[in-house]
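Visitor: Sequence first, then the predicted structure:
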Amino acid sequence: MQPSPGDQRPSIRGIDSAALLERVGEDRTSFWEVLREFNDFYAETPVQIHGVIHTCRFNEAKTLITQHLDG
């Protein structure tokens, strides 16, 4: 994730950049900090979910998903 040049709103697939920028008061530094924290926290989640589904531990997959949705 790299900041976009200029005043153009960052475009990141799957992220509502306009809403995030609004939530952080249009502060681009905060915008990138929030995205880095989000990435750090959730980066391994897809791998974890894939692993438990692959081994048919569906209840554990459900728990992982709901934990991350509830934040």
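Guide: Everything's here; your move.
Visitor: Got phi/psi on the residue most central in space within the chain?
Guide: The centre of the chain sits closest to Phe38, judged by Cα atoms, centre = their mean, with a distance of 4.6 Å. Dihedral angles phi and psi of Phe38 (degrees, to the nearest 10) take the values phi -60, psi -50.
Visitor: Just the pLDDT at it, thanks.
Guide: Phe38 is assigned a pLDDT of 87 by the prediction.
Visitor: got a list of what Ser30 touches?
Guide: By Cβ atoms under 8 Å, 6 or more residues apart in numbering, the contact set of Ser30 is Val24. Backbone N, C-alpha and C define where each C-beta goes, glycine included.
Visitor: Give the other helices and strands that the helix or strand bottoming out on mean pLDDT in the chain contacts.
Guide: The weakest-scoring helix or strand in the chain, judged by mean pLDDT, DSSP states H and E, is helix 58-70 (a mean of 82). Here helix 58-70 touches helix 45-54, going by 3 or more Cβ pairs under 8 Å, 6 or more residues apart in numbering; DSSP states H and E.
Visitor: could I get the helix it packs on in CSV with only the CA atoms?
Guide: The C-alpha coordinates for helix 45-54 follow below in CSV (Å, rounded to 0.1, in the frame of the first residue of the first chain):
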residue,chain,number,x,y,z
THR,A,45,-6.9,-14.2,8.4
PRO,A,46,-7.6,-15.6,4.9
VAL,A,47,-4.8,-18.2,5.4
GLN,A,48,-6.1,-19.2,8.8
ILE,A,49,-9.7,-19.6,7.5
HIS,A,50,-8.5,-21.6,4.4
GLY,A,51,-6.5,-23.9,6.7
VAL,A,52,-9.4,-24.7,9.0
ILE,A,53,-11.8,-25.2,6.1
HIS,A,54,-9.3,-27.4,4.3
